[in-house]
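[1] sequence and predicted structure are below.
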Amino acid sequence: MKKLTFTLALSFITVISFGQKKIVNTVKNEIKDSSPNIEEARTLIKDALANPETENEAEAWYVAGLVENKQFDMERVKEVMSVAPDEDVMYPALDQIFPYFQKADELDQRPNEKGKIKSKFRKDIKSIMLANRPYYINAGAYFYEKGNYQKAYENFRFYGDMHKFPMFTGEESKFESLASDTNAIKYRYFAALSASLIPNHDAAIELYTEIKDLNYNGIDCYKQLANEYYQKGDTTGFVNVLEQGSTKFPEESYFILNMINININRGEIDQAINYLQKAIVNSPNDAQLYDVLGLVYENNKDIDQAIVNIKKSLEIDPDFADALSHLGRLYYNLGIESRAIADNISDVNAYKKEMEKVDSYFKEAIPYFEKAYSKNSKDSDAIFALRNIYYSLGNNEEYEKWDKIYLGE
(Lines give C-alpha, C1' and ligand atoms only; values in the text may rest on other atoms or scores of the structure.)
Protein backbone atom coordinates (compact mmCIF):
# COMPACT_ATOMS: atom_id res chain seq x y z
CA MET A 1 0.00 0.00 0.00
CA LYS A 2 2.80 2.36 0.89
CA LYS A 3 4.60 1.58 -2.35
CA LEU A 4 1.45 2.30 -4.38
CA THR A 5 0.97 5.66 -2.65
CA PHE A 6 4.53 6.65 -3.39
CA THR A 7 4.16 5.65 -7.04
CA LEU A 8 1.00 7.72 -7.41
CA ALA A 9 2.65 10.72 -5.81
CA LEU A 10 5.64 10.42 -8.12
CA SER A 11 3.33 10.29 -11.14
CA PHE A 12 1.54 13.43 -9.95
CA ILE A 13 4.82 15.36 -9.62
CA THR A 14 5.87 14.25 -13.09
CA VAL A 15 2.61 15.55 -14.55
CA ILE A 16 3.06 18.94 -12.87
CA SER A 17 6.66 19.16 -14.01
CA PHE A 18 5.68 18.20 -17.52
CA GLY A 19 2.88 20.78 -17.36
CA GLN A 20 5.22 23.63 -16.44
CA LYS A 21 7.78 22.68 -19.05
CA LYS A 22 4.99 22.51 -21.58
CA ILE A 23 3.98 26.04 -20.60
CA VAL A 24 7.57 27.23 -21.19
CA ASN A 25 7.45 25.65 -24.67
CA THR A 26 4.04 27.17 -25.30
CA VAL A 27 5.38 30.64 -24.49
CA LYS A 28 8.45 30.06 -26.62
CA ASN A 29 6.26 29.15 -29.57
CA GLU A 30 3.89 32.03 -28.94
CA ILE A 31 6.60 34.67 -29.28
CA LYS A 32 7.69 33.21 -32.59
CA ASP A 33 4.40 34.45 -34.00
CA SER A 34 4.49 37.75 -35.85
CA SER A 35 1.72 39.11 -33.60
CA PRO A 36 2.12 37.31 -30.28
CA ASN A 37 -0.02 37.92 -27.22
CA ILE A 38 2.74 39.40 -25.07
CA GLU A 39 0.66 39.91 -21.97
CA GLU A 40 -0.52 36.31 -21.96
CA ALA A 41 3.02 35.12 -22.59
CA ARG A 42 4.25 37.23 -19.66
CA THR A 43 1.61 35.85 -17.34
CA LEU A 44 2.36 32.24 -18.27
CA ILE A 45 6.13 32.54 -18.00
CA LYS A 46 5.95 34.37 -14.68
CA ASP A 47 3.86 31.50 -13.33
CA ALA A 48 6.54 29.09 -14.52
CA LEU A 49 9.29 31.14 -12.87
CA ALA A 50 7.40 31.00 -9.58
CA ASN A 51 6.74 27.26 -9.78
CA PRO A 52 9.18 25.05 -7.80
CA GLU A 53 9.49 22.68 -10.74
CA THR A 54 10.77 25.26 -13.22
CA GLU A 55 12.02 28.16 -11.11
CA ASN A 56 15.59 26.84 -11.41
CA GLU A 57 15.38 25.90 -15.07
CA ALA A 58 17.66 28.04 -17.24
CA GLU A 59 15.28 27.73 -20.19
CA ALA A 60 12.38 29.24 -18.25
CA TRP A 61 14.40 32.37 -17.47
CA TYR A 62 15.79 32.47 -20.98
CA VAL A 63 12.26 32.39 -22.44
CA ALA A 64 11.18 35.13 -20.01
CA GLY A 65 13.96 37.29 -21.45
CA LEU A 66 12.86 36.41 -24.97
CA VAL A 67 9.32 37.58 -24.19
CA GLU A 68 10.59 41.03 -23.19
CA ASN A 69 12.98 41.09 -26.13
CA LYS A 70 10.10 40.26 -28.48
CA GLN A 71 8.09 43.16 -27.07
CA PHE A 72 11.08 45.45 -27.47
CA ASP A 73 11.73 44.24 -31.04
CA MET A 74 8.12 44.81 -32.06
CA GLU A 75 8.47 48.49 -31.12
CA ARG A 76 12.00 48.79 -32.52
CA VAL A 77 10.80 47.55 -35.91
CA LYS A 78 8.37 50.46 -36.00
CA GLU A 79 11.32 52.86 -35.77
CA VAL A 80 12.99 51.14 -38.72
CA MET A 81 9.75 51.63 -40.68
CA SER A 82 9.63 55.32 -39.67
CA VAL A 83 6.66 54.74 -37.39
CA ALA A 84 6.77 56.21 -33.91
CA PRO A 85 7.20 53.42 -31.35
CA ASP A 86 5.32 53.33 -28.08
CA GLU A 87 8.19 54.25 -25.77
CA ASP A 88 6.09 53.47 -22.70
CA VAL A 89 6.12 49.87 -23.93
CA MET A 90 9.48 49.74 -25.66
CA TYR A 91 11.91 50.85 -22.97
CA PRO A 92 10.35 49.16 -19.92
CA ALA A 93 10.52 45.93 -21.95
CA LEU A 94 14.20 46.52 -22.78
CA ASP A 95 14.87 47.24 -19.13
CA GLN A 96 13.51 43.82 -18.15
CA ILE A 97 15.45 41.69 -20.65
CA PHE A 98 18.81 41.41 -18.93
CA PRO A 99 17.62 40.49 -15.41
CA TYR A 100 15.96 37.41 -16.91
CA PHE A 101 18.92 36.61 -19.14
CA GLN A 102 21.35 37.07 -16.30
CA LYS A 103 19.52 34.51 -14.18
CA ALA A 104 19.24 32.17 -17.19
CA ASP A 105 22.98 32.41 -17.81
CA GLU A 106 23.75 31.76 -14.16
CA LEU A 107 21.65 28.56 -14.22
CA ASP A 108 22.99 27.65 -17.66
CA GLN A 109 26.54 27.52 -16.29
CA ARG A 110 25.84 24.82 -13.73
CA PRO A 111 27.88 21.67 -14.34
CA ASN A 112 25.99 18.53 -15.34
CA GLU A 113 26.15 15.20 -13.55
CA LYS A 114 29.60 14.61 -15.09
CA GLY A 115 30.88 17.95 -13.82
CA LYS A 116 30.93 19.53 -17.27
CA ILE A 117 29.35 22.82 -18.31
CA LYS A 118 27.39 22.62 -21.52
CA SER A 119 25.84 26.02 -22.11
CA LYS A 120 22.68 26.07 -24.19
CA PHE A 121 21.72 29.72 -24.10
CA ARG A 122 24.80 31.89 -23.47
CA LYS A 123 25.70 32.40 -27.12
CA ASP A 124 22.21 33.60 -28.04
CA ILE A 125 21.94 35.75 -24.92
CA LYS A 126 25.21 37.51 -25.73
CA SER A 127 24.16 38.08 -29.32
CA ILE A 128 20.89 39.69 -28.25
CA MET A 129 22.53 41.86 -25.57
CA LEU A 130 25.21 43.15 -27.94
CA ALA A 131 22.57 44.01 -30.55
CA ASN A 132 20.46 45.82 -27.94
CA ARG A 133 23.33 47.63 -26.22
CA PRO A 134 23.00 51.03 -27.98
CA TYR A 135 19.32 51.22 -27.01
CA TYR A 136 20.15 51.32 -23.31
CA ILE A 137 21.26 54.89 -23.93
CA ASN A 138 17.79 55.75 -25.24
CA ALA A 139 16.21 53.89 -22.33
CA GLY A 140 18.24 55.97 -19.90
CA ALA A 141 17.06 59.17 -21.58
CA TYR A 142 13.46 57.91 -21.56
CA PHE A 143 13.45 57.14 -17.84
CA TYR A 144 15.30 60.39 -17.07
CA GLU A 145 12.60 62.42 -18.82
CA LYS A 146 9.97 60.48 -16.90
CA GLY A 147 11.65 61.42 -13.62
CA ASN A 148 12.51 57.78 -12.87
CA TYR A 149 16.11 58.52 -11.98
CA GLN A 150 16.77 55.06 -10.55
CA LYS A 151 15.98 53.40 -13.87
CA ALA A 152 17.76 56.16 -15.79
CA TYR A 153 20.86 55.50 -13.70
CA GLU A 154 20.63 51.73 -14.22
CA ASN A 155 20.21 51.95 -18.00
CA PHE A 156 22.85 54.62 -18.62
CA ARG A 157 25.26 52.70 -16.44
CA PHE A 158 24.47 49.34 -18.04
CA TYR A 159 25.70 50.62 -21.41
CA GLY A 160 29.19 50.93 -19.95
CA ASP A 161 29.00 47.97 -17.57
CA MET A 162 27.85 45.23 -19.94
CA HIS A 163 31.36 43.87 -20.49
CA LYS A 164 31.77 43.30 -16.74
CA PHE A 165 29.24 40.48 -16.58
CA PRO A 166 30.51 36.86 -16.50
CA MET A 167 29.05 35.95 -19.89
CA PHE A 168 31.51 38.38 -21.54
CA THR A 169 34.59 37.30 -19.59
CA GLY A 170 37.49 37.02 -21.98
CA GLU A 171 35.65 38.96 -24.66
CA GLU A 172 36.49 42.46 -23.50
CA SER A 173 37.90 43.17 -26.96
CA LYS A 174 34.32 43.43 -28.20
CA PHE A 175 34.03 46.61 -26.13
CA GLU A 176 36.09 49.76 -26.35
CA SER A 177 37.81 50.82 -23.15
CA LEU A 178 36.08 53.58 -21.25
CA ALA A 179 38.98 55.94 -21.96
CA SER A 180 38.59 55.52 -25.72
CA ASP A 181 34.79 55.21 -25.96
CA THR A 182 33.44 58.75 -25.96
CA ASN A 183 29.87 57.46 -25.82
CA ALA A 184 30.62 55.35 -22.78
CA ILE A 185 32.17 58.35 -21.01
CA LYS A 186 29.26 60.60 -21.94
CA TYR A 187 26.63 58.20 -20.70
CA ARG A 188 28.66 57.39 -17.62
CA TYR A 189 28.33 61.08 -16.86
CA PHE A 190 24.57 60.93 -17.40
CA ALA A 191 24.43 57.89 -15.12
CA ALA A 192 26.19 59.95 -12.46
CA LEU A 193 23.75 62.84 -12.90
CA SER A 194 20.86 60.39 -12.53
CA ALA A 195 22.41 58.88 -9.41
CA SER A 196 22.69 62.39 -7.94
CA LEU A 197 18.97 62.88 -8.42
CA ILE A 198 17.89 59.58 -6.82
CA PRO A 199 19.82 60.56 -4.65
CA ASN A 200 22.52 57.88 -4.42
CA HIS A 201 25.62 59.83 -3.46
CA ASP A 202 27.92 56.82 -3.26
CA ALA A 203 27.04 55.72 -6.80
CA ALA A 204 27.44 59.26 -8.12
CA ILE A 205 30.81 59.61 -6.39
CA GLU A 206 32.00 56.33 -7.87
CA LEU A 207 31.04 57.37 -11.39
CA TYR A 208 32.31 60.94 -11.25
CA THR A 209 35.60 59.68 -9.81
CA GLU A 210 35.88 57.21 -12.67
CA ILE A 211 35.39 59.77 -15.44
CA LYS A 212 36.60 63.09 -14.01
CA ASP A 213 39.97 62.90 -15.77
CA LEU A 214 38.76 61.44 -19.07
CA ASN A 215 38.29 64.79 -20.83
CA TYR A 216 34.51 64.97 -20.72
CA ASN A 217 33.12 68.00 -18.89
CA GLY A 218 36.24 67.96 -16.74
CA ILE A 219 35.55 71.05 -14.66
CA ASP A 220 31.89 70.15 -14.25
CA CYS A 221 32.75 66.57 -13.22
CA TYR A 222 34.99 67.92 -10.46
CA LYS A 223 32.27 70.35 -9.36
CA GLN A 224 29.64 67.61 -9.33
CA LEU A 225 31.96 65.26 -7.45
CA ALA A 226 32.71 67.93 -4.85
CA ASN A 227 28.99 68.60 -4.43
CA GLU A 228 28.26 64.89 -3.92
CA TYR A 229 30.75 64.75 -1.07
CA TYR A 230 29.23 67.94 0.33
CA GLN A 231 25.69 66.55 0.11
CA LYS A 232 26.86 63.35 1.76
CA GLY A 233 28.40 65.35 4.60
CA ASP A 234 31.90 64.06 3.84
CA THR A 235 34.02 67.15 4.54
CA THR A 236 37.29 65.33 3.96
CA GLY A 237 36.22 64.14 0.52
CA PHE A 238 34.80 67.58 -0.29
CA VAL A 239 38.05 69.35 0.59
CA ASN A 240 40.19 66.79 -1.27
CA VAL A 241 38.23 67.32 -4.50
CA LEU A 242 38.32 71.10 -4.09
CA GLU A 243 42.09 70.95 -3.71
CA GLN A 244 42.42 68.69 -6.77
CA GLY A 245 40.11 70.94 -8.76
CA SER A 246 41.90 74.15 -7.80
CA THR A 247 45.22 72.60 -8.88
CA LYS A 248 43.90 71.18 -12.16
CA PHE A 249 41.76 74.20 -13.06
CA PRO A 250 43.41 77.22 -11.42
CA GLU A 251 41.36 79.61 -13.58
CA GLU A 252 38.06 78.22 -12.20
CA SER A 253 37.05 80.20 -9.09
CA TYR A 254 34.48 77.64 -7.86
CA PHE A 255 37.10 75.50 -6.12
CA ILE A 256 39.01 78.36 -4.57
CA LEU A 257 35.89 80.14 -3.34
CA ASN A 258 34.62 77.00 -1.63
CA MET A 259 38.04 76.43 -0.06
CA ILE A 260 37.95 80.01 1.19
CA ASN A 261 34.52 79.48 2.75
CA ILE A 262 35.86 76.44 4.56
CA ASN A 263 38.89 78.40 5.77
CA ILE A 264 36.69 81.24 6.99
CA ASN A 265 34.35 78.87 8.81
CA ARG A 266 37.40 77.34 10.47
CA GLY A 267 38.73 80.77 11.40
CA GLU A 268 41.74 80.31 9.10
CA ILE A 269 41.66 83.84 7.67
CA ASP A 270 45.33 83.97 6.63
CA GLN A 271 44.90 80.75 4.68
CA ALA A 272 41.79 82.15 3.00
CA ILE A 273 43.68 85.29 1.96
CA ASN A 274 46.56 83.16 0.69
CA TYR A 275 44.20 81.09 -1.50
CA LEU A 276 42.61 84.24 -2.89
CA GLN A 277 45.90 85.89 -3.72
CA LYS A 278 47.03 82.76 -5.59
CA ALA A 279 43.73 82.70 -7.45
CA ILE A 280 44.10 86.35 -8.44
CA VAL A 281 47.55 85.63 -9.88
CA ASN A 282 45.94 82.97 -12.10
CA SER A 283 42.85 85.05 -12.91
CA PRO A 284 43.78 88.72 -12.54
CA ASN A 285 40.63 89.89 -14.34
CA ASP A 286 38.17 88.03 -12.16
CA ALA A 287 36.21 90.77 -10.40
CA GLN A 288 34.60 88.29 -8.01
CA LEU A 289 37.94 87.25 -6.55
CA TYR A 290 38.79 90.82 -5.57
CA ASP A 291 35.32 91.28 -4.13
CA VAL A 292 35.63 88.14 -2.02
CA LEU A 293 39.12 89.15 -0.90
CA GLY A 294 37.64 92.45 0.21
CA LEU A 295 34.98 90.62 2.21
CA VAL A 296 37.61 88.45 3.85
CA TYR A 297 39.55 91.55 4.88
CA GLU A 298 36.30 93.07 6.18
CA ASN A 299 35.69 89.92 8.21
CA ASN A 300 39.22 90.33 9.59
CA LYS A 301 38.47 93.96 10.57
CA ASP A 302 40.91 95.36 8.00
CA ILE A 303 38.50 97.85 6.44
CA ASP A 304 41.12 99.77 4.47
CA GLN A 305 42.19 96.64 2.58
CA ALA A 306 38.55 95.66 2.18
CA ILE A 307 37.81 98.95 0.42
CA VAL A 308 40.95 98.74 -1.73
CA ASN A 309 40.11 95.27 -3.03
CA ILE A 310 36.42 95.85 -3.65
CA LYS A 311 37.32 98.99 -5.58
CA LYS A 312 39.66 96.85 -7.70
CA SER A 313 36.73 94.56 -8.33
CA LEU A 314 34.70 97.49 -9.63
CA GLU A 315 37.58 98.68 -11.79
CA ILE A 316 37.34 95.35 -13.58
CA ASP A 317 33.53 95.26 -13.65
CA PRO A 318 31.88 98.61 -12.86
CA ASP A 319 28.42 97.02 -13.00
CA PHE A 320 29.15 94.21 -10.54
CA ALA A 321 26.05 94.57 -8.35
CA ASP A 322 27.36 92.59 -5.37
CA ALA A 323 30.59 94.57 -5.20
CA LEU A 324 28.65 97.85 -5.48
CA SER A 325 26.45 96.87 -2.57
CA HIS A 326 29.39 95.63 -0.52
CA LEU A 327 31.35 98.83 -0.99
CA GLY A 328 28.30 100.92 -0.15
CA ARG A 329 27.86 98.87 3.01
CA LEU A 330 31.49 99.43 4.06
CA TYR A 331 31.10 103.22 3.84
CA TYR A 332 27.67 103.07 5.47
CA ASN A 333 29.04 101.07 8.40
CA LEU A 334 31.93 103.52 8.79
CA GLY A 335 29.32 106.28 9.02
CA ILE A 336 27.38 104.35 11.67
CA GLU A 337 30.56 103.80 13.67
CA SER A 338 31.47 107.48 13.47
CA ARG A 339 27.99 108.48 14.61
CA ALA A 340 28.31 106.18 17.61
CA ILE A 341 31.59 107.92 18.44
CA ALA A 342 29.98 111.33 17.99
CA ASP A 343 27.15 110.43 20.36
CA ASN A 344 29.69 110.00 23.13
CA ILE A 345 31.50 113.31 22.53
CA SER A 346 30.56 116.17 24.83
CA ASP A 347 32.75 118.84 23.21
CA VAL A 348 30.65 120.70 20.63
CA ASN A 349 33.43 121.32 18.12
CA ALA A 350 34.75 117.76 18.32
CA TYR A 351 31.16 116.52 17.95
CA LYS A 352 30.65 118.60 14.79
CA LYS A 353 33.92 117.38 13.34
CA GLU A 354 32.96 113.74 13.91
CA MET A 355 29.50 114.30 12.43
CA GLU A 356 31.14 115.75 9.32
CA LYS A 357 32.88 112.38 8.98
CA VAL A 358 29.48 110.65 9.34
CA ASP A 359 28.00 112.72 6.51
CA SER A 360 31.10 112.17 4.40
CA TYR A 361 30.91 108.38 4.77
CA PHE A 362 27.18 108.36 4.07
CA LYS A 363 27.59 110.50 0.96
CA GLU A 364 30.40 108.19 -0.19
CA ALA A 365 28.04 105.23 0.14
CA ILE A 366 25.14 106.74 -1.82
CA PRO A 367 26.34 106.29 -5.44
CA TYR A 368 27.37 102.68 -4.81
CA PHE A 369 24.04 101.78 -3.21
CA GLU A 370 22.02 103.58 -5.89
CA LYS A 371 23.89 101.84 -8.70
CA ALA A 372 23.59 98.50 -6.88
CA TYR A 373 19.83 99.06 -6.67
CA SER A 374 19.67 99.94 -10.39
CA LYS A 375 21.31 96.56 -11.12
CA ASN A 376 19.25 94.64 -8.58
CA SER A 377 15.98 96.17 -7.43
CA LYS A 378 15.67 93.45 -4.77
CA ASP A 379 18.81 94.55 -2.95
CA SER A 380 17.24 95.07 0.47
CA ASP A 381 20.54 96.26 1.99
CA ALA A 382 20.77 99.10 -0.52
CA ILE A 383 17.14 100.12 0.00
CA PHE A 384 17.39 100.10 3.79
CA ALA A 385 20.70 101.98 3.83
CA LEU A 386 19.60 104.68 1.36
CA ARG A 387 16.42 105.29 3.34
CA ASN A 388 18.44 105.77 6.53
CA ILE A 389 21.21 107.78 4.88
CA TYR A 390 18.83 110.34 3.38
CA TYR A 391 16.99 110.61 6.68
CA SER A 392 20.27 111.25 8.47
CA LEU A 393 21.28 113.85 5.86
CA GLY A 394 17.94 115.60 6.22
CA ASN A 395 16.95 115.09 2.58
CA ASN A 396 13.23 114.54 3.08
CA GLU A 397 12.37 114.16 -0.60
CA GLU A 398 14.84 111.31 -1.12
CA TYR A 399 14.02 109.83 2.26
CA GLU A 400 10.29 109.61 1.39
CA LYS A 401 11.13 108.07 -1.98
CA TRP A 402 13.23 105.30 -0.43
CA ASP A 403 10.84 104.90 2.49
CA LYS A 404 8.05 104.02 0.03
CA ILE A 405 10.31 101.55 -1.75
CA TYR A 406 11.29 100.08 1.63
CA LEU A 407 7.63 99.69 2.61
CA GLY A 408 6.82 98.19 -0.78
CA GLU A 409 4.46 100.95 -1.81
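    That came through fine.
[2] so for residue 17, what's the pLDDT?
    If you check residue 17, the pLDDT there is 44.
[3] ok, now the one 10 residues further on?
    You'll see residue 27 listed with a pLDDT of 90.
[4] that one: what's it in contact with?
    Residues near residue 27 by C-beta atoms under 8 Å, 6 or more residues apart in numbering: 41, 44, 45, 48, 63, 67. (C-beta placed from N, C-alpha, C; glycine too.)
[5] name the nearest of these relative to residue 300.
    Relative to residue 300, the closest of the contacts of residue 27 is residue 67; by C-beta to C-beta it sits at 69.4 Å.
[6] what's the host helix or strand of residue 220 packed up against?
    In the assignment (DSSP states H and E), residue 220 maps to helix 218-232. For helix 218-232, the packing partners by 3 or more C-beta pairs under 8 Å, 6 or more residues apart in numbering; DSSP states H and E come out as helix 182-197, helix 201-211, helix 235-248, helix 253-265.
[7] would you list the ones you listed in JSON lines and tack on mean neighbour count?
    Below are those laid out as JSON lines (neighbours: other C-beta atoms under 10 Å):
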{"stretch": "helix 182-197", "mean neighbour count": "21"}
{"stretch": "helix 201-211", "mean neighbour count": "20"}
{"stretch": "helix 235-248", "mean neighbour count": "17"}
{"stretch": "helix 253-265", "mean neighbour count": "19"}
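[8] what would those helices look like in CSV with distance to residue 34 and mean pLDDT?
    Listed next are the helices and strands packed on helix 218-232 as CSV, based on distance: least, C-beta to C-beta, whole Å; pLDDT from 0 to 100:
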stretch, distance to residue 34, mean pLDDT
helix 182-197, 33, 93
helix 201-211, 41, 96
helix 235-248, 54, 93
helix 253-265, 56, 89
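[9] turn these into JSON lines, columns for distance to residue 173.
    Output for the helices and strands packed on helix 218-232, formatted as JSON lines (distance: least, C-beta to C-beta, whole Å):
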{"stretch": "helix 182-197", "distance to residue 173": "15"}
{"stretch": "helix 201-211", "distance to residue 173": "21"}
{"stretch": "helix 235-248", "distance to residue 173": "32"}
{"stretch": "helix 253-265", "distance to residue 173": "39"}
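[10] follow-up on the earlier one: ok, and for the helix holding residue 220, which residues are buried?
    Residues 218, 221, 222, 223, 224, 225, 226, 227, 228, 229, 230 are the ones in helix 218-232 that count as buried (16 or more other C-beta atoms under 10 Å).
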